[in-house]
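S.K.: Let's see this in three dimensions:
(chains A and B)
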Protein chains: 2
Amino acid sequence: MLKDLTITEFLEQTASSEPLPGGGCTAALNAALAASLTEMVANLTIGRKEFESVDDEMKKIAKTAADTRKKLQNDIDNDAKAYQEVLAAFKLPKNTDGEKKQRSHAIQQAFKGAATVPLGVARETLKIMDLASRAITAGNPNAVTDGAVAVLAARTAALAAAYNVKINLSAIKDTQFVDELVREIEELESQVIRKEKEILSQVVI
Amino acid sequence: MLKDLTITEFLEQTASSEPLPGGGCTAALNAALAASLTEMVANLTIGRKEFESVDDEMKKIAKTAADTRKKLQNDIDNDAKAYQEVLAAFKLPKNTDGEKKQRSHAIQQAFKGAATVPLGVARETLKIMDLASRAITAGNPNAVTDGAVAVLAARTAALAAAYNVKINLSAIKDTQFVDELVREIEELESQVIRKEKEILSQVVI
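M.R.: Model prediction:
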């Protein structure tokens, strides 16, 4: 599993001429980093007298961020698996008309899977941005830059995921599926760009 | 060493209420990811008949990106070490005037170190963006989204590093040192924001 590699190994394997791990895995990793840093800000706020009034809220933020982090770290591997399925589908036999039809269907299904994983990452990332925003404004100010970095990582995660959604959609023939996903991912992109500006405008050092 | 942690462990330790690893480590990690993805695009271009005309150039890009990746993955730990030195300096004895003076000096020196590490990360990141830009325009177009994700990761790395430079500068009394670093980091921030827009405007999917 990619999530069990060391940081050094993950970087080395990304750098190699093997197609995996690639940009889709970096997207999921950044989303998980955004969740981790949000959790950290909440954890540095919880249980401290001066932040008593937001203690319950920060506990909820830490819990949701932790759940999302675990989901997103699995998406590093899910993204790789989805792409491996595309490669496997291309290797199916194509000797008869029946085989050709089956192979073509399998390729289309695999691309749909490969577009759906990063779409899920982008959706989760948007939720993390809202948690990070609240952690920045109401959490321990000593950790404000960690919250800001969470937001930066979230933007990279969502926009990187969007590239991966779109590149996979470009191979899909089901126009209704493509139109729906294009609409959703472009809406997510605009929201992420807008939210990042709004949240970071409140971080003054 | 942080770079020897698994991805899962790194995310868990970031999420905890311990101050390290924090946003500065995420900055260095993203810079290293940007280098890795740039290297990947170059490696997917090298040795292929259709990209023969840029083969030498891509070999140089892969080599420089690999060297920079190794440097940046060490910066994940250098950033943590620099912050540990700040914490250690605060724990120095302050019973006599001599001790107080020594402690104060050590704190100032430690903060200078903690500002300098992310400044170095931001500098390296800008170089990686230029390599990524060239890999995107002249490299294997099948890897164009990986190149785009490199640029997104580079932006997060540099802007995250900038937050960490500034938060440490806010504790430093040597105004000449502060002014010089503020000038450089703000210049780097503008360049990174401008370059990201320029490069990504050329990536059409």
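
S.K.: so how far is residue B:86 from the residue most central in space within chain A?
M.R.: Residue closest to the mean C-alpha point of chain A, counted by C-alpha atoms, centre = their mean, is residue A:121 at 3.2 Å. According to C-beta to C-beta, to the nearest Å, residue A:121 stands 35 Å off from residue B:86. (Glycine included, C-beta is placed from N, CA and C.)

S.K.: sorry, back to before: mind checking if the helix or strand where the residue nearest to the centre of chain A lies is in reach of chain B?
M.R.: Assigned by DSSP states H and E, residue A:121 belongs to helix A:97-138. No: Helix A:97-138 does not reach chain B (C-beta under 8 Å from any C-beta of the partner chain); its nearest approach is 10.0 Å.

S.K.: now do stretch A:17-29
M.R.: Yes: among the residues of stretch A:17-29, A:17, A:19, A:22, A:23, A:26, A:27, A:29 lie within reach of chain B under C-beta under 8 Å from any C-beta.

S.K.: and that stretch, what's its mean pLDDT?
M.R.: Mean pLDDT, computed over stretch A:17-29, is 96.

S.K.: Could you do stretch A:108-128 as well?
M.R.: 98.

S.K.: That one: how far from the chain's middle?
M.R.: 8 Å (C-alpha atoms, centre = their mean, to the nearest Å).

S.K.: Could you list the buried residues of it?
M.R.: By neighbour count with 16 or more other C-beta atoms under 10 Å in any protein chain shown, stretch A:108-128 contains the buried residues A:108, A:110-122, A:124-126, A:128.

S.K.: returning to what we had before: roughly how far does the residue nearest to the centre of chain A sit from residue A:29?
M.R.: For residue A:121, the distance to residue A:29 equals 10 Å [C-beta to C-beta].

S.K.: Between these two, which contacts overlap?
M.R.: residue A:157 (C-beta atoms under 8 Å, 6 or more residues apart in numbering or on different chains).

S.K.: Can you show me the strands along chain A?
M.R.: Applying DSSP state E to chain A gives no strands.

S.K.: any low-confidence regions in it?
M.R.: Applying pLDDT under 70 to chain A flags no residue at all.

S.K.: Tell me which residue lies farthest from the centre of it.
M.R.: No residue in chain A sits farther from the centre than residue A:96, which is 39.7 Å out by C-alpha atoms, centre = their mean.

S.K.: how much space between that residue and residue A:103?
M.R.: Residue A:96 is 10 Å from residue A:103, where distance means C-beta to C-beta.

S.K.: just residue A:163 next, same as before
M.R.: Taken as C-beta to C-beta, the span from residue A:163 to residue A:103 is 27 Å.

S.K.: Now the spatially closest residue to residue A:100 that is not a sequence neighbour, what are its backbone angles?
M.R.: Using C-beta to C-beta, 6 or more residues apart in numbering or on different chains and skipping the chain neighbours, the partner closest in space to residue A:100 is residue A:94 (4.8 Å). With angles defined as degrees, to the nearest 10, residue A:94 sits at phi -140, psi 50.

S.K.: Relative to residue A:85, how far out is residue A:94?
M.R.: Distance, residue A:94 to residue A:85, by C-beta to C-beta: 17 Å.

S.K.: next one: residue A:31
M.R.: Distance, residue A:31 to residue A:85, by C-beta to C-beta: 21 Å.

S.K.: Who has more neighbours out of those two?
M.R.: residue A:31 (34 against 17; other C-beta atoms under 10 Å in any protein chain shown).

S.K.: Quick check, that one in contact with residue A:76.
M.R.: No: assessed by C-beta atoms under 8 Å, residue A:31 is found out of contact with residue A:76, at 9.1 Å.

S.K.: Tell me, how many residues neighbour the closest residue in space to the residue nearest to the centre of chain A that isn't next to it in sequence?
M.R.: Computed as C-beta to C-beta, 6+ apart, the closest residue to residue A:121 that is not its neighbour in sequence is residue A:161, at 4.4 Å. Residue A:161 has 33 neighbours, counted by other C-beta under 10 Å.

S.K.: cool, and residue A:49?
M.R.: Residue A:49 is flanked by 6 other residues according to other C-beta under 10 Å.

S.K.: and if you look at residue A:74?
M.R.: 16.

S.K.: for the one 10 residues further on, same thing?
M.R.: By the other C-beta under 10 Å criterion, the neighbourhood of residue A:84 contains 14 residues.

S.K.: Ok, residue A:157 next?
M.R.: Neighbourhood size, residue A:157 [other C-beta under 10 Å]: 35.

S.K.: residues contacting it?
M.R.: Contacts of residue A:157 (C-beta under 8 Å, 6+ apart): A:27, A:28, A:29, A:30, A:31, A:33, A:34, A:121, A:122, A:125.

S.K.: roughly how far apart are the nearest residue to the fourth one once chain neighbours are set aside and residue B:83?
M.R.: What that stands for is residue A:30. Nearest residue to residue A:30, sequence neighbours excluded (C-beta to C-beta, 6+ apart): residue A:157, at 3.8 Å. Here the criterion is C-beta to C-beta. By it, residue A:157 lies 24 Å from residue B:83.

S.K.: got it, and residue A:80?
M.R.: Applying C-beta to C-beta, the value for residue A:80 to residue B:83 is 33 Å.

S.K.: Between the two, point out the one with more neighbours.
M.R.: residue B:83 (23 against 20).

S.K.: which residues does that one contact?
M.R.: So residue B:83 contacts B:19, B:20, B:22, B:24, B:114 (C-beta under 8 Å, 6+ apart).

S.K.: Report the separation between the last one and residue A:176.
M.R.: It refers to residue B:114. Separation of residue B:114 from residue A:176 (C-beta to C-beta) stands at 53 Å.

S.K.: And the fourth one, by the same measure?
M.R.: For residue B:24, the distance to residue A:176 under the criterion C-beta to C-beta works out to 46 Å.

S.K.: neighbour count winner among these two?
M.R.: Neighbour count, other C-beta under 10 Å: between residue B:24 and residue A:176, residue B:24 has more, with 30 against 7.
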